[in-house]
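Enquirer: fold the following.
(one chain, ligands or ions: 1)
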Amino acid sequence: MKRIKVSLARRSDRSYEIIIGRDILERACMLVSQRGCSRRMVVIADSNVAGLHGEACVALMCRLGMPAELITFPAGEASKTIDMVLSVSTELLERKVDRSATLVALGGGVTGDLVGFVASIYMRSIPFIQIPTSLIAQVDSSIGGKTGVDFKGGKNLLGSFYQPKDVIIDISWLDTLPEKEFKNGLAEVVKYGIIDDADLFETLEWEASALLERSPGILERVVERCCAIKKGIVEIDEYDLGIRRILNFGHTIGHALEGVSDYRINHGTAVSIGMVAEARIAEKKGCLDRRERERIEALLDSLGLERTIPVDMDTNELLSRIGLDKKRRGGKVPFVLIKKIGVSFINGSVDENLVKETIEELKV
Ligand code: GLY
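Expert: This next block holds a predicted model:
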């Protein structure tokens, strides 16, 4: 079991630990309990995760002397709405949950974002713990305090920065994760190597098959490394005003692909294609060497991740989603670009024609 401290400089009372390991839930809950989080635990999970892990989690907490109960909501991105925030809050009120309780977000990214948002506003905020069960939530969304719901067709348009009290990452949850969900998370894992850690990237190149087989050793090493990178970035830029934006590598074009496809292209696939496109843009701008760009594409390929854009996808619609349409002054939008694998930067001057040409080239 590894423990990584997230130290938030200005208000140290908000610092918290990411507890990582295999089959660690019991030990991690004991730690949480020792810190006094044990008066009342309200575990909130979607309808899929509740059946798989929810009851067991509640039973474990009760056994450890932490009175716990379970609230469920329907699984899927469609639940990431303000209506669901109100519905969960109503349930909390009906159960007379007050600020002495702790909410537990048990599940993937949707659960973490939704429960985190409820926790940030319910009775002017209530403590919460993240127990992420998907790869994407374990390496990304459970860390760093971004919470929120979708609104008026836009992702995360209502939300807050609200840090959890602890993040408990049990790698064994990944054993039962559906293939599609696992791949979704792998795209974010590759992203960390590209933006910040050439050694991680090399490990992924060497260990691609082991990773795809979910071999425990490599999986633990990789998840732990990604968490350490993310915590380092969040400590410097908690409120996403500067360096934290490098976490958006692949996401500028990725989010547009998700939106234009009406979310038929899932997040990991979109980010994978987005990373290919944005690496090509970096190469075209003379920042990135061709061989480095080819290594990125080869790694994504060996992990079975998508690299091409569907031929029938409307390029102008994509440009418009990216913000590179005629409405935007100067036709420029900030992109995360890379100098080499492991070194990224934010560039505010990518030309519309360069993006257009890259999109067209990826339609094969
Ligand atoms: N998922 C990107 C961030 O936390 O900033």
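
Enquirer: show me the shaky parts of the stretch 251-364 of the chain.
Expert: Applying pLDDT under 70 to the stretch 251-364 of the chain picks out residues 324-332.

Enquirer: can you do 80?
Expert: When residues are selected by pLDDT under 80, those of the stretch 251-364 of the chain lie in 324-333, 348-349.

Enquirer: what are the ranges of the strands in the stretch 101-250 of the chain?
Expert: Using DSSP state E, counting those that start in this stretch, the strands of the stretch 101-250 of the chain run over 102-107, 128-132, 146-151, 154-161, 166-170.

Enquirer: out of those, which gets nearest to the ligand?
Expert: The closest of the strands of the stretch 101-250 of the chain to the ligand is strand 146-151. By C-beta to the nearest ligand atom, the value is 4.8 Å. From N, CA and C alone the C-beta is placed, and that goes for glycine too.

Enquirer: got the strands of the stretch 101-250 of the chain as JSON lines, with mean neighbour count and distance to Ile44 columns?
Expert: Compiled in JSON lines, the strands of the stretch 101-250 of the chain are given as follows (neighbours: other C-beta atoms under 10 Å; distance: least, C-beta to C-beta, whole Å):
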{"stretch": "strand 102-107", "mean neighbour count": "29", "distance to Ile44": "6"}
{"stretch": "strand 128-132", "mean neighbour count": "28", "distance to Ile44": "9"}
{"stretch": "strand 146-151", "mean neighbour count": "21", "distance to Ile44": "13"}
{"stretch": "strand 154-161", "mean neighbour count": "15", "distance to Ile44": "17"}
{"stretch": "strand 166-170", "mean neighbour count": "26", "distance to Ile44": "15"}
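
Enquirer: reformat those as JSON lines; add mean pLDDT.
Expert: Formatted as JSON lines, those follow (pLDDT from 0 to 100):
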{"stretch": "strand 102-107", "mean pLDDT": "97"}
{"stretch": "strand 128-132", "mean pLDDT": "97"}
{"stretch": "strand 146-151", "mean pLDDT": "94"}
{"stretch": "strand 154-161", "mean pLDDT": "90"}
{"stretch": "strand 166-170", "mean pLDDT": "96"}
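
Enquirer: for Ser142, see how far away whichever residue of the stretch 201-350 of the chain sits closest to the ligand is.
Expert: Residue nearest to the ligand within the stretch 201-350 of the chain (C-beta to the nearest ligand atom): Leu247, separated by 4.1 Å. Applying C-beta to C-beta, to the nearest Å, the value for Leu247 to Ser142 is 14 Å.

Enquirer: looking at those two, which is more packed in?
Expert: Neighbour count, other C-beta atoms under 10 Å: between Leu247 and Ser142, Ser142 has more, with 31 against 24.

Enquirer: quick check: the gap between the closest residue to the ligand within the stretch 1-150 of the chain and Glu91.
Expert: Relative to the ligand, the nearest point of the stretch 1-150 of the chain is Gly144 (4.3 Å; C-beta to the nearest ligand atom). Distance, Gly144 to Glu91, by C-beta to C-beta: 27 Å.

Enquirer: of the two, who's got more company?
Expert: Gly144 (22 against 16).

Enquirer: which residues sit against the helix ranked longest in the chain?
Expert: For the chain, the longest helix by residue count, based on DSSP state H, is helix 216-236. Residues from elsewhere that reach helix 216-236, judged by C-beta atoms under 8 Å, 6 or more residues apart in numbering: 2, 4, 6-9, 18, 20-22, 135, 138-140, 143-145, 169, 171, 174, 188-189, 192, 196-197, 200, 203-204, 207, 210-211, 242-244, 246-247.

Enquirer: buried residues in that helix?
Expert: Within helix 216-236, the residues that count as buried by 16 or more other C-beta atoms under 10 Å are 218-220, 222-231, 233-235.

Enquirer: which ones are touching the residue nearest to Cys29 when sequence neighbours are not counted?
Expert: Spatial nearest neighbour of Cys29, excluding adjacent residues (C-beta to C-beta, 6 or more residues apart in numbering): Leu64 at 5.4 Å. Counting by C-beta under 8 Å, 6+ apart, Leu64 touches Glu26, Cys29, Met30, Ser33, Ser38.
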